[in-house]
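[1] Need a 3D model of the sequence below.
(4 chains)
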Protein chains: 2
Amino acid sequence: MSSATVSNAYNRPDQLSAALREEVMRAAKRIGYAGPHPVARSLATKRAGAIAFMLDTGLSAAFSDPALSITLDALAAEVDGEGHALLLLPGGDDGGPKAERVLAAQADLAVAYSLADDAPALRAVGDRGLPLVIIDQPAVTGAARVTIDDKGGAAAAAQHLLDLGHRRFGILSAQCLSQPRGGPMPVEQAMRSRFGDNRDRLAGYVETLAAAGVRAEDVPVWETSGLSRDQAVDAATRLLGTDPAPTALLCVSDELAIGAMTAARRRGLGIPGDLSVVGFDDTPPARWSEPALTTIRQDLVAKGRTAGELSLRLLAGRKPPPPVTLPVELVIRASTGPAPR
Amino acid sequence: MSSATVSNAYNRPDQLSAALREEVMRAAKRIGYAGPHPVARSLATKRAGAIAFMLDTGLSAAFSDPALSITLDALAAEVDGEGHALLLLPGGDDGGPKAERVLAAQADLAVAYSLADDAPALRAVGDRGLPLVIIDQPAVTGAARVTIDDKGGAAAAAQHLLDLGHRRFGILSAQCLSQPRGGPMPVEQAMRSRFGDNRDRLAGYVETLAAAGVRAEDVPVWETSGLSRDQAVDAATRLLGTDPAPTALLCVSDELAIGAMTAARRRGLGIPGDLSVVGFDDTPPARWSEPALTTIRQDLVAKGRTAGELSLRLLAGRKPPPPVTLPVELVIRASTGPAPR
DNA sequence: CAGCTTGTCTTAAGCGCTTAAGAAAAAGCA
DNA sequence: TGCTTTTTCTTAAGCGCTTAAGACAAGCTG
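    This next block holds a predicted model:
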């Protein structure tokens, strides 16, 4: 019984008689052989059977963002059928996983989720010649890409508030710079955020406000040091303390917005009576918050599924299609109302 | 320049002169060699550099549970230093990942997180002879294990409500049977839940109530078809409709408890005036909920870190230590109060 | 200067599989 | 029956690396 026969017994049953196959399986069970060694098989077939998923933060921060969970699940569901597992590469402090982790990853393809533009991990992927799928980031040559209309969504959010008569705004932004830090940030600096999606959202806000005559210098931008709700509450509390106090808050994510509502409540502000708040993403908590959050909906499942389809396409050796941009939609709930006068 | 030299240049710089090493690196850059192929290296070294993390559900459901995110992050942080990545194996419908996925996983060790007792994945791990670390599950021979005092915590929760004078209880349970289904469930059946942690929590509730004279038959148990908040709201709504209506709800997780509070609010019940609710885990949302949730705190970070330490220990070839059981603690906040009379 | 150690690089085996190509046996065909 | 085709199984190469052992030159020792 040669090793080739055993291999065929497991992988190509049509290559041997049913009787022999049975015998192989019996022998395997007898000697405790659990099937082909995955690594050796990968070496021979040149397929690792896994997709590396690269994040810009640690796992805890990442998964406290419901948007990621949903996207990742949809992606996993799409590629699972083809037998691909997910290898998680959490980020460090430089906008993504360490390059060495990427170089050592046993994966056939890498997915970048909202990494910094200059993340070392992206270079490493290029060096290895790994196929790359990009989610919510600027284009990289040779990579497939799916994004949403961040700028358009942000513009819609700002316009909604303008239509309600608001003139004094505040912006709650995610991390912009290399080092996480919380605090106020000049608009022009925030607009050079390392993270493309954050940058686009800010641009959507600022340009729309400017078009309505609200000058960028008059809109305080507060950067949070992370995406967690505690950090959002902290930042929002201080943002609300600026003078003149804003009557409307534009937040780059739902989590930030919900944190901001908590901060407002603690300051005794009524929502939307004294303060309007709008989020971004339309994750489940947006529906559960009190009051329910006005936000920009994106189809997270479609985004994940699309990323999965793109992955399978690249793995099949086909060329990356033109970038996909998914639409967004303003969802008006109870957290926004007419400007107080 | 032999292949051994190249290998040494990357892995054992002391085995060659600095000059030659430099030359190797220059040549690598010139011809676009990105370093040793991870799979081939794994085959030669017999180390995959990854840990398989097995879940009982899909990713979306899994990560909507904050407890998992925190635990997983702590685990990842612990093992990351040693160069291990995490390979995610999401579950299907049979209490864990498919066996074939486990058999094909390129990993040096498997971590089981709250799988069903009879999950095929556990057998597969055994067949492969992979080291195994177990979190929140009954013991498996040869595996390292970390759990919390589920039963003790549940007992404390029940006792707290008894002390407040409650006599009419309802229990909101997670999935018990093979097939996810929502609905009422006889206590004795719920106690045979496939999931050990759920079983222990239920036992803690029921036994404590029984000791105080509240018969198990008089305590309706409602099983949710998943851990999501929508499902919790749905189940709680119906549980609150039972007659006589409970004045206190024991929930096996914070998410379930928060969903129950939403359901109560919708029925016009005041918390804790008309209804007391207690959760389990003390995840961040428990602090943010309105009112803040009384719950059983467990140290999720310690649990993840411990699992990481156990993993490293097994990977180092050492024997699994005796099972670790972490303590829990009743945290009284605003969702529980004296029984209405 | 013979004999040893040390430093440097190469040879070659082996990790456990897959797969194309070859050999042997069985089957089909005229 | 003699030849070709098909089925069944084996041989052997190769996937890209690591590492023990070997070869060779250079530096020490007395």
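
[2] which secondary structure element contains residue A:301?
    helix A:300-315 (DSSP states H and E).

[3] downstream neighbour of that helix in the secondary structure list?
    With DSSP H and E, the next secondary element past helix A:300-315 is strand A:324-326.

[4] average pLDDT for the helix holding residue A:301?
    Taken as a whole, helix A:300-315 has an average pLDDT of 97.

[5] Write out the residues of the stretch 51-200 of chain A neighbouring chain B.
    Residues of the stretch 51-200 of chain A that fall close to chain B, judged by Cβ under 8 Å from any Cβ of the partner chain: A:58-64, A:66, A:68-70, A:72-74, A:76-77, A:80, A:83, A:85-90, A:101, A:103-106, A:124, A:127-129. To be clear about C-beta, it is placed using only N, CA and C from the backbone, and glycine gets the same treatment.

[6] quick one: which of those sit in strands?
    A:85-89 (DSSP state E).

[7] From these, list the ones also adjacent to DNA strand D.
    Of the residues in those, proximity to DNA strand D by Cβ under 7 Å from any atom of the strand holds for none.

[8] any chance of the residues you listed in CSV, with distance to residue B:289, neighbour count and pLDDT too?
    Putting these into CSV (distance: Cβ to Cβ, whole Å; neighbours: other Cβ atoms under 10 Å in any protein chain shown; pLDDT from 0 to 100) gives the following:
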residue, distance to residue B:289, neighbour count, pLDDT
A:85, 35, 25, 95
A:86, 31, 23, 96
A:87, 35, 26, 97
A:88, 29, 21, 96
A:89, 33, 26, 95
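
[9] still on that earlier bit, could you give me the buried positions within the helix holding residue A:301?
    Under the neighbour-count criterion of 16 or more other Cβ atoms under 10 Å in any protein chain shown, helix A:300-315 has A:300, A:302-315 buried.

[10] Stretch A:245-263 now?
    In stretch A:245-263, counting by 16+ other Cβ under 10 Å, buried: A:246-263.

[11] ok so, going back, what packs against the helix holding residue A:301?
    helix A:66-80, strand A:109-113, strand A:132-135, strand A:144-148, strand A:324-326 (3 or more Cβ pairs under 8 Å, 6 or more residues apart in numbering or on different chains; DSSP states H and E).

[12] Redo those as a markdown table? Include mean neighbour count.
    Below are the helices and strands packed on helix A:300-315 laid out as a markdown table (neighbours: other Cβ atoms under 10 Å in any protein chain shown):
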| stretch | mean neighbour count |
| --- | --- |
| helix A:66-80 | 24 |
| strand A:109-113 | 27 |
| strand A:132-135 | 26 |
| strand A:144-148 | 24 |
| strand A:324-326 | 14 |
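
[13] For residue B:146, find the nearest of the ones you listed.
    When these are compared by Cβ to Cβ, helix A:66-80 sits nearest residue B:146, at 23.8 Å.

[14] how about the strands of chain A, start to end?
    Using DSSP E, strands in chain A cover A:50-54, A:85-89, A:109-113, A:132-135, A:144-148, A:169-173, A:183-185, A:221-223, A:248-251, A:276-278, A:295-298, A:324-326, A:328-331.

[15] Least confident of those, on average?
    What stands lowest among the strands of chain A, in mean pLDDT terms, is strand A:183-185, with a mean of 87.

[16] neighbouring contacts of that strand?
    Contacts of strand A:183-185 from elsewhere in the structure, counted by Cβ atoms under 8 Å, 6 or more residues apart in numbering or on different chains, are A:173, A:176, A:220-223, A:235, A:238-239, A:242.

[17] Which among those count as buried?
    A:173, A:176, A:220-223, A:235, A:239.

[18] nearest to residue A:42, of the helices and strands packed on helix A:300-315?
    In terms of Cβ to Cβ, the element of the helices and strands packed on helix A:300-315 nearest to residue A:42 is strand A:109-113, at 13.7 Å.

[19] Quick one: list the elements packing against the closest one.
    So strand A:109-113, by 3+ Cβ pairs under 8 Å, 6+ apart, packs with strand A:50-54, helix A:66-80, helix A:120-128, strand A:132-135, helix A:300-315.

[20] Which of the ones you listed sits closest to residue B:51?
    It is, among the helices and strands packed on strand A:109-113 and with distance given as Cβ to Cβ, strand A:50-54, at 12.8 Å.

[21] re the thing from before, return the member of the ones in strands among the residues of the stretch 51-200 of chain A next to chain B nearest to DNA strand C.
    residue A:85 (16.8 Å; Cβ to the nearest atom of the strand).

[22] do you know how far the closest one is from residue B:78?
    21 Å (Cβ to Cβ, to the nearest Å).

[23] same question, residue A:79
    From residue A:79 over to residue B:78 (counting by Cβ to Cβ), the distance is 28 Å.

[24] No more questions from me, cheers.
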